[in-house]
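1. Got a predicted structure plus its sequence, pasted below:
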Amino acid sequence: MAIVVTLNEVLKRRGITGKELCAKVGITEANLSILRSGKANGVRFHTINKICYYLECDVGDILHFDGRLEESDNET
């Protein structure tokens, strides 16, 4: 995966549970779980904005580019 999600580490450092973050951000625990696992195909900027706001962090604290190009199955 070209984008690495490090949300779990930020949650641990902040002492906030996923359940607490879901309540503040307004997303389901299932959707947060998909994001945390790195299996999300996309996420709304509005959601990232809220996550960063409530965790008092920057986007780069929860998402990292690993330097690789991930090829999509839809590209020809």
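-> Ah, there it is.

2. Sketch out the low-pLDDT regions of this protein for me.
-> Along the chain, segments meeting pLDDT under 70 span 1, 73-76.

3. Which parts of it are strands?
-> For the chain, strands defined by DSSP state E occupy the ranges 3-5, 63-65.

4. Quick one: these as JSON lines, columns for mean neighbour count and distance to residue 52 too.
-> Where you see a C-beta, it was placed from the backbone N, CA and C, and this is true even at glycine. Converted to JSON lines, the strands of the chain look like this (neighbours: other C-beta atoms under 10 Å; distance: least, C-beta to C-beta, whole Å):
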{"stretch": "strand 3-5", "mean neighbour count": "14", "distance to residue 52": "13"}
{"stretch": "strand 63-65", "mean neighbour count": "13", "distance to residue 52": "10"}
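
5. Mind putting those into CSV with distance to residue 15?
-> CSV is the format used below for the strands of the chain (distance: least, C-beta to C-beta, whole Å):
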stretch, distance to residue 15
strand 3-5, 19
strand 63-65, 21
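
6. could you list every residue that touches residue 68?
-> residue 2 (C-beta atoms under 8 Å, 6 or more residues apart in numbering).

7. Can you tell me how far it is from residue 16?
-> 30 Å (C-beta to C-beta, to the nearest Å).

8. hmm, back to that, out of the strands of the chain, which comes closest to residue 72?
-> strand 3-5 (12.8 Å; C-beta to C-beta).

9. So what touches that closest one?
-> Against strand 3-5 from outside (C-beta under 8 Å, 6+ apart): 35, 36, 37, 38, 40, 62, 63, 64, 65, 66, 70.

10. Give the pairing partners of that strand; include direction for each.
-> The strands beside strand 3-5 in its sheet (DSSP bridges) come out as strand 63-65 (antiparallel).
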